[in-house]
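K.L.:
generate a structure from the sequence data that follows.
(chains A and B)
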Amino acid sequence: MQVIFKELTTNFEVILLESLIKNEKKEEFEKIRKNLINQPSKEEFGDYQCNICLVLSKIYKKSPREIANRFVKKLKANKKISNLCEDLEIAGPGFINIKLKNNILIEEIKSNIKCPRAGVPLSNKKNKNHLRKKVVVDFSSPNIAKEMHVGHLRSTIIGDSISRILELRGYIVLRLNHIGDWGTQFGMLITHLKDLYSSDLKKIDNIKISDLVEFYKASKKRFDNEKEFKKRSREEVVKLQSGDRESIQLWKLLCDQSRKEFDQIYKTLNIKIKERGESFYNPYLKSIIEDLNLKKILIEDQGAKCVFLDGMTNKEGKPLPLIIQKKDGGFNYATTDLAALRYRFNKEPDGDNATRIIYVTDHGQANHFAGVFQVAKRANWIPEDCEVNHVPFGLVQGIDGKKLKTREGETIRLKDLLSESIKRAKEDLLKRLENESRSETNDFILNTSRVIGIGAVKYADLSQNRITNYQFSFEKMLSLNGNTAPYLLYTLVRISGINRKNNMPEDNINSESISYSHDLEWKLIRKLLKFDEVLISIEKDLMINRLCNYLFELCQTFNRFYDKVPILKVEMSKKISRLTLCALTEKTLKLSLELLGIESLERM
RNA sequence: GGGGCUGUAGCUCAGUAGGAUAGAGCAACGGUUUCCUAAACCGUAGGUCGUGGGUUCGAUUCCCUCCAGUCCCGCCA
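P.N.:
Numbers count the residues shown, from 1 in each chain, chains lettered A, B, ... in the order given. Predicted structure coming up:
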């Protein structure tokens, strides 16, 4: 319905401007045009509302209702507006409630049914060469030789969903996995590896580390306790960074084995992402220093090369530095992040030619990114018309409100968490089958519980406002009531049920005869038509929970309709009209679940 | 000490480019099945929107004070 909204806004603006000119207040136009037409604060107020008369009352020094009367008269005289609107009603102190004509809404429904994106328009934004804009989404980013945990889960799920939504809107999306594959920890890992497998070093393929996490822990323990080991580890870092052949081989071995673990998780979660770890940017680090030097913003302090940040201070009240090069000459993550940012905005072939970079990390890194962005801006590395966004998210907590841990106090492995969810979904399903005396094939049971189990975990995360911490509860996310994946899937299953029972041949459907009379039909129509506006708002603020909220409301609206309004056992024209609503609900839901990375089901 | 984020019903959370009587789910209580999956639907009850100021015709929303929780603050990422 975005198109209608825009047309209404344009024509309202014309009338507003005429009025202002007539009253010699033209200069106010820019200030007050912004929120000329709003979403209604309540459904019963109509399709949109206009609150401008209360503002005009101040400017014209007349009562808002008096102004509203005149304004509405002018609006009604406008042909384009009267073609769209059934009624412009003045309410309360001077609000104008806008109700659209039924046939306009029905035309929208028909057009959305035909549209493969269910009415969501493609973004018309293009880059300077009039090509589709490219967005880099940086998400997931686990560390080599460490287990993925719930913190990575949020980044992965949110980043994936953002990518999918931007793709639907027509952007070219480059999903990047900025994995931690470089840095000082590799010194100890490689040294430990060399000690353990000294005899196999010639035949590297023979080395199989059974448990990388245990391996990491053992290395760390030695690093912290053995002086000699620590020394060798440090030397190993230098070797690695200077490109020593054997060190590089062992580094690759560690990365490969880790990658296998990650890929399993990504397969389970159905995540597509391109691995481009920190090591990729090594060749570009030196020029970061050079360029910052050239621009005279790099300052040496206590042996380290820093950029001092504006508006940020440390404990002593002095300007906070962003360390670009350590006193030992090594680079750290700020350097890599700057190099990555610059590369992504650079033109091809030495860059990605992006116009927007989105970083999905926990909000603990907010300061870090604020610093990095500030330096990038001062160094002029963010081109005109381009933007960077940090998309922060809160912690995953247990029921106790503390960081999610096992009973033993250990970090929960992501793969254990996912299989637990599937297991619980399966138990629920089996119980239901028994209660209803249903029998299903083993394949059905496995697939259904997998889709529900994974979907529930994803949806629980995405439906939450990402900025706040959220409490992880299998019980809630798998519940069949409330704003959960199973509730949405169930709604879809109901529609599939209707389709199965419907024996009417498809070519009987004549969309010309569509008409609606029931109040619940109209509520569903209006809800369906909000879909595009929801997605467009998400493109700006990247709050995925808006989509989930919308879907929950859509399903509630549909279920009320389904409960009270017969669909199949009615006369032909009503049946066709109602089946059309079912079809669009189904399409919207399926598409949305896809955007959330959740699979659909026909039966459950 | 500085900065970020959070504080809304018993619990978990929506809602904030200012708008009319602040919404869901869970838990509690009550109701609905000749019909498409009742895994649903309907109703009742539950609120000083952390505190105190300010701006405004109008503030949960914007600004300031204070309180509470949490995260970050020089060579880890």
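
K.L.:
packing partners of the strand or helix carrying A:Asp532?
P.N.:
Taking DSSP states H and E as the definition, A:Asp532 sits inside helix A:531-541. Identification of packing neighbours for helix A:531-541 by 3 or more CB pairs under 8 Å, 6 or more residues apart in numbering; DSSP states H and E yields helix A:2-22, helix A:150-168, helix A:545-564, helix A:572-595. From N, CA and C alone the C-beta is placed, and that goes for glycine too.

K.L.:
and the ones you listed, which is most packed in?
P.N.:
The highest average neighbour count among these, using mean count of other CB atoms under 10 Å, belongs to helix A:150-168 at a mean of 23.

K.L.:
and that helix, anywhere near RNA strand B?
P.N.:
No: against RNA strand B, helix A:150-168 shows no contacts by CB under 7 Å from any atom of the strand, the least distance being 10.8 Å.

K.L.:
re earlier: the helices and strands packed on helix A:531-541 into JSON lines, with extra columns for distance to A:Asn367?
P.N.:
What follows is those, written out as JSON lines (distance: least, CB to CB, whole Å):
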{"stretch": "helix A:2-22", "distance to A:Asn367": "37"}
{"stretch": "helix A:150-168", "distance to A:Asn367": "17"}
{"stretch": "helix A:545-564", "distance to A:Asn367": "24"}
{"stretch": "helix A:572-595", "distance to A:Asn367": "31"}
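
K.L.:
which of the residues in the helix or strand hosting A:Phe444 are buried?
P.N.:
With elements taken from DSSP H and E, the one containing A:Phe444 is helix A:442-462. For helix A:442-462, a neighbour-count test (16 or more other CB atoms under 10 Å) marks A:445, A:448-462 as buried.

K.L.:
picking up where we left off before, let's have the helices and strands packed on helix A:531-541 in a markdown table, adding mean pLDDT.
P.N.:
Shown next, in a markdown table, are these (pLDDT from 0 to 100):
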| stretch | mean pLDDT |
| --- | --- |
| helix A:2-22 | 93 |
| helix A:150-168 | 94 |
| helix A:545-564 | 96 |
| helix A:572-595 | 95 |
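
K.L.:
and the stretch 51-200 of chain A, which residues reach RNA strand B?
P.N.:
A:51, A:54-55, A:58, A:91-93, A:95, A:97, A:143, A:180, A:183-185.

K.L.:
try it again at 10 Å.
P.N.:
Proximity of the stretch 51-200 of chain A to RNA strand B, by CB under 10 Å from any atom of the strand, involves residues A:51-59, A:64, A:89-98, A:141-143, A:178-185.

K.L.:
out of those, which are buried?
P.N.:
Of all those considered here, the ones buried according to neighbour count by 16+ other CB under 10 Å are A:51-57, A:64, A:89-90, A:94-98, A:141-143, A:178-185.

K.L.:
and those, which of them are in strands?
P.N.:
A:89-90, A:95-98 (DSSP state E).

K.L.:
between the residues you listed, which is closest to RNA strand B?
P.N.:
Distances from RNA strand B to these, taken as CB to the nearest atom of the strand, are shortest for A:Phe95 (3.8 Å).

K.L.:
ok, the closest one - contacts?
P.N.:
With CB atoms under 8 Å, 6 or more residues apart in numbering as the criterion, the residues that contact A:Phe95 are A:45, A:49-51, A:53-54, A:68.

K.L.:
take those residues and write them to a markdown table, including pLDDT.
P.N.:
What follows is the contacts of A:Phe95, written out as a markdown table (pLDDT from 0 to 100):
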| residue | pLDDT |
| --- | --- |
| A:Phe45 | 91 |
| A:Gln49 | 95 |
| A:Cys50 | 95 |
| A:Asn51 | 93 |
| A:Cys53 | 94 |
| A:Leu54 | 93 |
| A:Ala68 | 94 |
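
K.L.:
what mean pLDDT does whichever helix or strand comes after the helix holding A:Phe444 have?
P.N.:
Downstream of helix A:442-462, the first helix or strand assigned by DSSP H and E is strand A:470-471. Confidence for strand A:470-471, expressed as mean pLDDT, is 89.

K.L.:
could you pull out the strands for chain A?
P.N.:
Counting by DSSP E, chain A has strands at residues A:48-50, A:85-91, A:95-100, A:134-138, A:172-177, A:274-275, A:299-301, A:304-313, A:319-325, A:356-362, A:387-393, A:396-397, A:470-471.

K.L.:
distance to A:Trp381 added to those strands, as TSV?
P.N.:
Listed next are these as TSV, based on distance: least, CB to CB, whole Å:
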stretch	distance to A:Trp381
strand A:48-50	42
strand A:85-91	49
strand A:95-100	45
strand A:134-138	14
strand A:172-177	17
strand A:274-275	22
strand A:299-301	18
strand A:304-313	12
strand A:319-325	13
strand A:356-362	11
strand A:387-393	10
strand A:396-397	33
strand A:470-471	34
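
K.L.:
deepest in the core, which of those strands is it.
P.N.:
Across the strands of chain A, the average number of neighbours (mean count of other CB under 10 Å) peaks for strand A:134-138, which reaches a mean of 25.

K.L.:
now it and strand A:356-362, what's the angle there?
P.N.:
Orientation note: strand A:134-138 sits at an angle of 10 degrees relative to strand A:356-362 (axes from the mean of the first three to the mean of the last three CA atoms, to 10 degrees).

K.L.:
would you list the strands that strand A:134-138 pairs with, along with their directions?
P.N.:
strand A:172-177 (parallel), strand A:356-362 (parallel) (DSSP bridges).

K.L.:
what mean pLDDT would you report for that strand?
P.N.:
Averaged across strand A:134-138, pLDDT comes to 96.

K.L.:
picking that back up, where helices are concerned, which of the contacts of A:Phe95 count?
P.N.:
Under the assignment DSSP state H, these contribute A:53-54, A:68 to helices.

K.L.:
so what touches stretch A:428-443?
P.N.:
Contacts of stretch A:428-443 with the rest of the structure, by CB under 8 Å, 6+ apart, involve A:445, A:448-449, A:452, A:478, A:604.

K.L.:
how far does it sit from its chain's centre?
P.N.:
Its chain's C-alpha centre and that of stretch A:428-443 lie 34 Å apart, by CA atoms, centre = their mean, to the nearest Å.

K.L.:
can you give me the end-to-end distance of that stretch?
P.N.:
The separation between the terminal residues of stretch A:428-443, taken as CA to CA, to the nearest Å, is 16 Å.

K.L.:
list the buried residues in that stretch.
P.N.:
Neighbour-count burial for stretch A:428-443, counted by 16+ other CB under 10 Å, picks out A:428-429.

K.L.:
next, count neighbours for the residue in the stretch 401-550 of chain A positioned nearest to RNA strand B.
P.N.:
With distances taken as CB to the nearest atom of the strand, the stretch 401-550 of chain A approaches RNA strand B most closely at A:Gly497, which sits 1.5 Å away. A:Gly497 has 13 neighbours, counted by other CB atoms under 10 Å.

K.L.:
same question, A:Asp352
P.N.:
Each residue near A:Asp352 was counted by other CB under 10 Å, and the total is 20.
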